[in-house]
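A.B. asks: Any chance you can model this:
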Amino acid sequence: MDTYLVSVLNGLSMGSLLFAIALGLSLVFGMMDVLNLAHGAVYLAGAYVAVALVGDGAGLPAFVLAVL
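C.D. replies: Numbering: from 1, shown residues only. The predicted structure is shown next:
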């Protein structure tokens, strides 16, 4: 159980770090009026979460959560 908890916490911390980087890039590039590629990183993270949730075979509740 401890191993799973550590893995979940590591995943959450890495996900939060990637989200913070993508959000920071989005803000900086948005203020500079530069072509914004950070939205693609946020879109990619959302797509990864959706595929991970639906890929577990949990059915309709996981699909609804992934869509949200």
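A.B. asks: What mean pLDDT does stretch 50-58 get?
C.D. replies: Computed over stretch 50-58, the mean pLDDT rounds to 69.
A.B. asks: Could you do stretch 11-22 as well?
C.D. replies: 88.
A.B. asks: Buried residues of that stretch, list them for me.
C.D. replies: Ala22 (16 or more other CB atoms under 10 Å). Glycine gets a C-beta too; all of them are placed from N, C-alpha and C.
A.B. asks: how distant is that stretch from the center of its chain?
C.D. replies: Stretch 11-22 has its average C-alpha position 7 Å from the chain's average C-alpha position, going by CA atoms, centre = their mean, to the nearest Å.
A.B. asks: helices or strands up against the helix or strand that contains Ala52?
C.D. replies: Ala52 is located in helix 38-55, with elements delineated by DSSP states H and E. Packed against helix 38-55, as judged by 3 or more CB pairs under 8 Å, 6 or more residues apart in numbering; DSSP states H and E, are the following elements: helix 2-31, helix 60-67.
A.B. asks: With distance to Tyr43 added, can I get those in CSV?
C.D. replies: Output for the helices and strands packed on helix 38-55, formatted as CSV (distance: least, CB to CB, whole Å):
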stretch, distance to Tyr43
helix 2-31, 9
helix 60-67, 14
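A.B. asks: Just tell me which of the ones you listed ends up closest to Val49.
C.D. replies: helix 60-67 (6.7 Å; CB to CB).
A.B. asks: And Phe29, what's its pLDDT?
C.D. replies: At Phe29, pLDDT is 73.
A.B. asks: So which residue is dead centre in the chain?
C.D. replies: In the chain, the residue lying closest to the centroid (CA atoms, centre = their mean) is Ala45, at 3.4 Å.
A.B. asks: correct me, but that residue touches Met14?
C.D. replies: No - with contact defined as CB atoms under 8 Å, Ala45 does not count as touching Met14 (10.9 Å).
A.B. asks: hmm, back to that, so which bits of the helix holding Ala52 are buried?
C.D. replies: 38, 41, 50, 53-54.
A.B. asks: now, among these, which is nearest to Asn10?
C.D. replies: Looking across the buried residues of helix 38-55 and measuring by CB to CB, the closest to Asn10 is Leu53, at 18.6 Å.
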